[in-house]
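A.B. asks: Show me how the following folds:
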Amino acid sequence: QIELVESGGGPAQVGDSLKLSCEGSGRSWSSYAMGWFRQTPGKEREFVASVSWNGATTYYSDSVQGRFTISRGDTRNTILMEMNNLKLEDTATYYCAAERWYDGNTRRASDYNYWGQGTQVTVSS
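C.D. replies: Reported below is the predicted structural model:
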């Protein structure tokens, strides 16, 4: 079964750090760029960050640039995202996604072919 599974979400306070993980299974993900999107109720899914298939290139939304760091894990079937200096507006469900046509250089959710089920991040003051 081809799937992406996120972990690492949870409650946090403003200024805290959290680390999200996404593990792919059911196929080799080494040729796929992978990324993170987030969504809050009533809003569209928003691009957060992505990483190229080889981990060499990363992309970030303006809202998380300098605070979040995305990377590929040792197996390339895993991506990580270190989230520092969390803000209230970071509260969302975070989704892992994968695509193989843009090498991560796309912010459109429709360009990503595979999605995880999401992990909730809730930041409070």
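
A.B. asks: use CA for all of it now, contacts and neighbours both
C.D. replies: Will do.

A.B. asks: which residue is nearest the centroid of the protein?
C.D. replies: What sits nearest the mean C-alpha location of the chain, by C-alpha atoms, centre = their mean, is residue 36, with 2.1 Å.

A.B. asks: Now do the same contact list for it.
C.D. replies: Neighbouring residues of residue 36 by C-alpha atoms under 8 Å, 6 or more residues apart in numbering: 47-50, 94-97.

A.B. asks: And residue 40, by the same measure?
C.D. replies: Per C-alpha under 8 Å, 6+ apart, neighbours of residue 40: 91-93.

A.B. asks: Looking at the residues you listed, which is nearest residue 23?
C.D. replies: Proximity of the contacts of residue 40 to residue 23 (C-alpha to C-alpha) peaks at residue 93, which lies at 16.6 Å.

A.B. asks: For the protein, which segments are assigned as strands?
C.D. replies: Here the chain has its strands, by DSSP state E, at 3-7, 10-13, 18-25, 33-39, 46-51, 58-60, 68-72, 78-83, 92-99, 114-115, 119-124.

A.B. asks: could you dump those to TSV with distance to residue 106 and mean pLDDT?
C.D. replies: Listed next are these as TSV, based on distance: least, C-alpha to C-alpha, whole Å; pLDDT from 0 to 100:
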stretch	distance to residue 106	mean pLDDT
strand 3-7	19	96
strand 10-13	27	98
strand 18-25	19	96
strand 33-39	10	98
strand 46-51	8	98
strand 58-60	9	98
strand 68-72	15	97
strand 78-83	17	97
strand 92-99	9	98
strand 114-115	14	96
strand 119-124	22	98
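
A.B. asks: Tabulate the ones you listed in JSON lines, adding columns for distance to residue 108.
C.D. replies: Shown next, in JSON lines, are these (distance: least, C-alpha to C-alpha, whole Å):
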{"stretch": "strand 3-7", "distance to residue 108": "18"}
{"stretch": "strand 10-13", "distance to residue 108": "26"}
{"stretch": "strand 18-25", "distance to residue 108": "19"}
{"stretch": "strand 33-39", "distance to residue 108": "10"}
{"stretch": "strand 46-51", "distance to residue 108": "7"}
{"stretch": "strand 58-60", "distance to residue 108": "13"}
{"stretch": "strand 68-72", "distance to residue 108": "17"}
{"stretch": "strand 78-83", "distance to residue 108": "19"}
{"stretch": "strand 92-99", "distance to residue 108": "11"}
{"stretch": "strand 114-115", "distance to residue 108": "13"}
{"stretch": "strand 119-124", "distance to residue 108": "20"}
